[in-house]
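1. Dropping the sequence and predicted coords here.
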Amino acid sequence: MSHEITTLCTGCTACVRQCPVDAISGEQKQLHQIDPALCIDCGACGRICPVDAILDAKRQTVLHIKPALWEKPVWNYATCTACKICVQACPTGCIAILEPPRNGHGFAPGLPYLVRPKDCIACTFCAVDCPFEVIRMASPEFV
């Protein structure tokens, strides 16, 4: 079951802009709809909705959270195998395996990184899909 927009929707279009799979449609200032065939249940629509008009798959209201407070993935690189499952699981493409920089500094080569933190929608897919449980979601102040 996908997320659902309630009649509390004001048509602000914040959810439309945030949805990584274009599952939401509607005109500005009118009730929007989520296409259940396209919805991936990432919850970004609910976290961005300023009027708490989104229900999750369990029909619970998803509460608005300022994007600056959305949790981000953090890797335990000591046990990460660089299997790339987190890269494949990310619906926004903000996780990538980085190649070593030419100067040899900056990060460990061949490991996954959150290369575009502002594009992360805090869906937790990377952490949930990691077969080695090396990813945890953390508040931005702990990332």
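-> Happy to help now that I have it.

2. Show me the helices in this structure, by range?
-> For the chain, the helices defined by DSSP state H occupy 14-18, 44-48, 85-89, 125-129.

3. which of these sits most buried?
-> Highest mean neighbour count of the helices of the chain: helix 44-48, a mean of 25 (counted as mean count of other C-beta atoms under 10 Å). Glycine gets a C-beta too; all of them are placed from N, C-alpha and C.

4. same for it, what does it pack against?
-> When contacts are defined as 3 or more C-beta pairs under 8 Å, 6 or more residues apart in numbering; DSSP states H and E, helix 44-48 sits against helix 14-18, strand 54-55.

5. any weak-confidence spans in the protein?
-> Regions of the chain meeting the criterion pLDDT under 70 cover residues 100-108, 142-143.

6. Disregarding flanking residues, what is the spatial nearest neighbour of the most centrally placed residue in it?
-> Nearest residue to the geometric centre of the chain (C-alpha atoms, centre = their mean): residue 121, 2.6 Å. Among residues not flanking residue 121 along the chain, residue 44 sits closest, at 3.9 Å (C-beta to C-beta, 6 or more residues apart in numbering).
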